[in-house]
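Novice: everything below, folded, please.
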Amino acid sequence: MFTTSIFRVPLSAFLAITAMFHVSAQSFTQTFGGAGAQDGVGAWPVNNGYRVAVRTHEGADQRFYGVLHSTTGSGSLAGSNTWPFPGNTFLQNAAPAPDGSSFVLGSALQAGIGKHDAFFSKVGSDGAIAWTQSPSQPGSQQLFGGVALSDGGAVFCGLIDTASFHQPFAIRCDASGNILWSYTEPTPIHAEAYAVAADGGHLLFTGRTSTFSGHDDMLLFKTDMNGNSIWSSSFGGSATDVGRSISPLGSGNYVVAGWSDSFGPMDQSSSRRVSRAYLVAFDMNGDTLWTRTVGDTTYDQHVHAMDRLPSGELVLAGERRTLTGSDAVVLKITAIGDVLWERVFDLGREDRLTHVTALSDGLIATGWSFGEFGRQVLLIRRNPDGN
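Specialist: Numbering: from 1, shown residues only. Purely as a prediction, here's the structure:
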């Protein structure tokens with residue numbers, strides 16, 4: 001068996017809410033940034049434009065901090081706001097809510113002791129940073145995925161670093177950022193949670209768990225909304241299998257997206273099985289419904305993010321790696337894993353998309369592009385046909 005972050009509302013409600021924040025379906029590909037390095041970790045629609053959460057690294061003082069950009073409907077920068085948080089802040093992801101607000105998450109590094117604390121923040125629909133929390137708890141925590149909930153709160157997931165190894169970690173907050181509970185998934189070896197989805201009063205988490213052979217298996221575990229464990233499982237072959245995103249399919253079924261070099265065709269010229277985008281659907285008990293691998297034998301392909309369109313189809317974002325670098329990739333697939341289209345973006349030496357948000361009329365995705373101007377934010381908007 002196995003195991004971004006998506007808020008589920010009925011289709012009619014989804015369309016009504018997204019209409020409130022409708023942005024003209026103008027497709028674009030934008031890069032922007034300054035000195036140092038900037039990675040887009042999340043993008044979502046607002047009135048007449050988009051918000052983009054960015055992890056920024058300043059080379060001069062070797063500091064990491066968070067920046068919130070506002071853009072026009074064509075993706076041009078319209079304003080910026082820096083997170084008012086001391087020390088190094090590592091933004092990793094965003095969990096948009098239907099009302100135009102979003103939760104942004106990651107970790108904050110305590111100066112002098114090398115300990116990460118979980119970091120999560122609420123951005124209002126007006127672009128104001130409403131609140132930020134970074135609770136100091138035993139161990140070192142980092143957050144990688146999250147999901148907005150119907151009560152105005154959220155659930156986040158990542159890892160907790162104990163004295164011996166990493167274990168999957170989850171935390172739930174209310175609409176004001178107050179912690180309701182935290183949960184550590186017991187594992188006998190290194191494991192991490194990268195994404196969480198909420199559906200039907202349950203939480204599903206995915207990630208990776210190390211094996212004693214030195215590879216990774218997909219990790220999947222389920223809890224109730226109070227953080228009580230229901231079941232846990234892992235899935236993998238002879239090599240590496242990782243779950244990076246998870247989405248409900250309806251009727252209690254889910255699909256996980258990530259990558260694998262355990263399954264799929266072999267490259268006969270190199271006698272090597274490349275990493276391919278890997279999709280696994282399963283039911284509420286963790287039993288497998290179907291699996292798919294997507295890609296070619298000429299490059300490695302990874303899926304880093306996924307979201308579900310109002311039509312029930314899925315959009316995926318990630319990268320494909322070549323001998324000389326990488327290209328950003330967006331795909332649209334059916335609810336049974338058939339590829340409808342794929343779009344590749346070759347903008348620099350290395351390009352990667354790490355977050356995607358489905359819209360009523362397409363998608364918005366963000367990540368980074370490393371080219372002649374350094375490592376900059378990559379922001380892509382496409383219509384339902386990928387154009």
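Novice: check what pLDDT the closest residue to Gly236 other than its chain neighbours gets.
Specialist: If the residues on either side of it in the chain are set aside, Gly236 comes closest to Asp217, at 3.2 Å by Cβ to Cβ, 6 or more residues apart in numbering. Placement of C-beta: from N, CA and C, glycine included. On the pLDDT scale, Asp217 is placed at 94.
Novice: what does Gly264 give?
Specialist: You'll see Gly264 listed with a pLDDT of 67.
Novice: with the one 10 residues further on instead?
Specialist: Predicted confidence (pLDDT) at Val274: the value is 81.
Novice: ok so Pro135 is a strand residue?
Specialist: No. Counting by DSSP: H, G, I helix; E, B strand; the rest coil, Pro135 is not found in a strand; it is coil.
Novice: confirm for me that it is in contact with Ile179.
Specialist: Yes. Between Pro135 and Ile179 there is a contact under Cβ atoms under 8 Å: 6.2 Å.
Novice: Thr71 against Leu379, yeah?
Specialist: Yes. At 7.0 Å, Thr71 counts as touching Leu379 under the criterion of Cβ under 8 Å.
Novice: what do those two both touch?
Specialist: Here Thr71 and Leu379 have Gln30, Tyr50, Val52 as joint contacts, going by Cβ atoms under 8 Å, 6 or more residues apart in numbering.
Novice: now tabulate those residues in a markdown table and tack on secondary structure and distance to Ile230.
Specialist: Listed next are the shared contacts of Thr71 and Leu379 as a markdown table, based on DSSP: H, G, I helix; E, B strand; the rest coil; distance: Cβ to Cβ, whole Å:
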| residue | secondary structure | distance to Ile230 |
| --- | --- | --- |
| Gln30 | strand | 42 |
| Tyr50 | strand | 36 |
| Val52 | strand | 35 |
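Novice: highest neighbour count among those residues?
Specialist: Val52 (27 neighbours; other Cβ atoms under 10 Å).
Novice: next up, the contacts around Glu58.
Specialist: Contact partners of Glu58, counting by Cβ under 8 Å, 6+ apart, are Ala35, Gly36, Phe64, Tyr65.
Novice: adding secondary structure, write these out as a markdown table.
Specialist: Converted to a markdown table, these look like this (three-state DSSP):
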| residue | secondary structure |
| --- | --- |
| Ala35 | coil |
| Gly36 | coil |
| Phe64 | strand |
| Tyr65 | strand |
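Novice: need these in JSON lines (columns: distance to Asp338 and neighbour count).
Specialist: Formatted as JSON lines, the contacts of Glu58 follow (distance: Cβ to Cβ, whole Å; neighbours: other Cβ atoms under 10 Å):
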{"residue": "Ala35", "distance to Asp338": "44", "neighbour count": "12"}
{"residue": "Gly36", "distance to Asp338": "41", "neighbour count": "17"}
{"residue": "Phe64", "distance to Asp338": "40", "neighbour count": "19"}
{"residue": "Tyr65", "distance to Asp338": "42", "neighbour count": "20"}
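Novice: closest to Glu372 among the residues you listed?
Specialist: Among the contacts of Glu58, Ala35 lies closest to Glu372 (Cβ to Cβ), at 13.9 Å.
Novice: where does this structure dip in pLDDT?
Specialist: Along the chain, segments meeting pLDDT under 70 span 1-24, 60-61, 112, 264-273.
Novice: which residues in it form helices?
Specialist: 11-20 (DSSP state H).
Novice: circling back: what about the residue nearest to Gly236, neighbour count?
Specialist: If we define neighbours as other Cβ under 10 Å, then Asp217 has 26 of them.
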